[in-house]
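Trainee: Fold the stuff below for me.
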Amino acid sequence: MEEDLTYNQASAELEKILTELRSDGCDVDTLASKSARAVELIKFCRGRLTATDKEIADILQTLQAPEQ
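Mentor: Numbers count the residues shown, from 1 in each chain. Down below sits the predicted model:
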């Protein structure tokens with residue numbers, strides 16, 4: 001996966017692939033490669049969401065910690 005890929009870029013590419021796969025003109029010769037790329041993008045997006053969720057939880061945790 002590209003290191004400079006953003007969540008929004010990955011999501012947009014995934015939407016494009018899904019639109020292509022749903023179309024009547026979906027090329028069976030590229031079906032496997034498009035499906036594999038979609039899985040990569042889903043994993044990337046899931047990872048970004050999980051990391052962001054943890055970052056936000058950590059930030060919010062600092063509000064609950066007693067000040068020293």
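Trainee: Check this protein and tell me which residue is nearest its centre.
Mentor: Cys45 (1.5 Å; CA atoms, centre = their mean).
Trainee: Hmm, Ala12 and that residue touching each other?
Mentor: No. If you go by CB atoms under 8 Å, Cys45 and Ala12 don't touch, sitting 10.8 Å apart. For the C-beta atoms, the positions are set from N, CA and C on the backbone; glycine is no exception.
Trainee: Now the residue nearest to the centre of the chain. Nearest residue, chain neighbours left out?
Mentor: Nearest residue to Cys45, sequence neighbours excluded (CB to CB, 6 or more residues apart in numbering): Ala10, at 5.3 Å.
Trainee: Provide the secondary structure category for that neighbour.
Mentor: Secondary structure for Ala10, judged by DSSP: H, G, I helix; E, B strand; the rest coil, is helix.
Trainee: And it, how far from Leu21?
Mentor: 16 Å (CB to CB, to the nearest Å).
Trainee: wait, isn't the residue nearest to Cys45 in contact with Leu41?
Mentor: Yes. Using CB under 8 Å, Ala10 is in contact with Leu41, at 4.9 Å.
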